[in-house]
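Enquirer: Sequence and computational prediction follow.
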Amino acid sequence: MTTAAAPDLAGFLRSRRAAVGPESLGERGYGTRRVPGLRREELADAAGVSLTYYTRLEQGLATHPSTQVLDALARALGLSADERAHLYRLSGVPAPVATPGERLRTDLPMLLDRMPDVAAIVLSPRQDIVAWNRLGHAVVAPHLDADAPAGPTPPNKVALLFTDPASRVLHREWEYEATLAVASLQFLSATRAEDPALARLIGELSLASTDFARLWAEHPVQLCTHGLKRYHHPDVGRLDLRFEVLHLPEEDGHRLLLQHAVPGSPDDDALRLLASRTVTG
């Protein structure tokens with residue numbers, strides 16, 4: 001963190017301390033007070049840092065807090081994920097990557113089920129398919145078990161593309177889809193350099209697929225957020241779907257992939273037919 005950034009960190013800490021009530025500390029909050037929020041000594045005690053050091057942080061005099069100190073302050077202040085990331089940015093420290101076992105809020109899969117005419121899937125930062133609705137399952141991986149995203153090892157969208165024969169023939173423009181998938185992983189690997197699970201996925205795919213290794217060596221970089229996917233679907237044949245990718249800001253890098261057809265088009269008819277089969281089948 002530069003000296004110029006220290007006042008921003010100091011101001012942020014003071015504002016968060018003022019916003020936290022002493023009741024958040026339970027029995028460690030002590031005495032009556034004339035101003036809202038925690039006292040410096042209360043926050044320092046809750047975070048396990050010395051009062052002198054914390055005071056220097058709030059005065060903009062301590063410029064290189066460790067990740068351990070930042071984690072402790074974030075916990076003591078009850079920071080949200082966005083606030084915690086902001087604390088790290090102000091400190092000039094890369095925010096730690098979430099663990100691979102992260103799960104979605106339970107209401108998100110329910111939301112997907114409320115979109116019966118849209119093929120919807122949720123992708124983790126490593127491209128694991130962690131949720132889908134019936135139509136999403138029917139479009140992207142009809143040969144897999146419907147409960148696969150909820151299992152201990154969710155299917156990975158990129159791995160399916162390169163190592164699963166059924167997924168490979170599903171895409172009419174496989175080379176284009178494969179290039180986009182690798183470009184996305186290149187982008188993610190740069191932004192999540194400390195993610196061991198992502199690094200392991202890239203290593204495994206490099207060994208398992210010569211196509212992946214070839215494309216990875218070309219270094220395409222792109223996080224594609226909209227476009228057209230062209231399928232040759234085993235149940236309805238030719239199927240062209242528009243797609244949009246939406247970021248889920250409170251889910252640590254998860255993204256929502258929505259696929260839909262142009263209303264009134266033959267693709268719309270095919271998608272509706274596929275949707276009806278997911279209900280009756």
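Expert: Received, thanks.
Enquirer: mind listing the helices for this structure?
Expert: Using DSSP state H, the helices assigned to the chain run over residues 6-19, 40-47, 51-58, 67-77, 81-91, 107-113, 134-140, 157-163, 165-170, 174-191, 196-208, 210-217, 266-280.
Enquirer: With distance to L257, mean pLDDT and mean neighbour count added, can I get these in CSV?
Expert: All C-beta atoms are positioned from the backbone trio N, CA, C, and that covers glycine. Formatted as CSV, the helices of the chain follow (distance: least, CB to CB, whole Å; pLDDT from 0 to 100; neighbours: other CB atoms under 10 Å):
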stretch, distance to L257, mean pLDDT, mean neighbour count
helix 6-19, 34, 85, 17
helix 40-47, 39, 89, 19
helix 51-58, 41, 91, 16
helix 67-77, 31, 88, 18
helix 81-91, 21, 82, 17
helix 107-113, 11, 84, 15
helix 134-140, 8, 96, 23
helix 157-163, 8, 97, 21
helix 165-170, 15, 96, 15
helix 174-191, 11, 90, 18
helix 196-208, 18, 93, 15
helix 210-217, 20, 96, 16
helix 266-280, 15, 89, 15
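Enquirer: Nearest to A148, out of those helices?
Expert: helix 134-140 (8.3 Å; CB to CB).
Enquirer: OK, contacts around G37?
Expert: R17, A18, A19, V20, G21, P22 (CB atoms under 8 Å, 6 or more residues apart in numbering).
Enquirer: so which of the residues you listed comes closest to N133?
Expert: A19 (38.2 Å).
Enquirer: Distance from the chain centre to stretch 82-94, please.
Expert: Distance, stretch centre to chain centre, for stretch 82-94: 17 Å (CA atoms, centre = their mean, to the nearest Å).
Enquirer: I figured G136 was touching D113, is that so?
Expert: No: contact criterion CB atoms under 8 Å: G136 and D113 do not qualify, at 10.1 Å.
Enquirer: The residue lying closest to V279 once chain neighbours are set aside and L90, how far apart?
Expert: Among residues not flanking V279 along the chain, R134 sits closest, at 7.3 Å (CB to CB, 6 or more residues apart in numbering). R134 sits 44 Å away from L90, going by CB to CB, to the nearest Å.
Enquirer: so who does the closest residue to R84 other than its chain neighbours touch?
Expert: Closest residue in space to R84, ignoring its immediate chain neighbours: A74 at 4.6 Å, by CB to CB, 6+ apart. Listed by CB under 8 Å, 6+ apart, the contact set of A74 reads E83, R84, L87.
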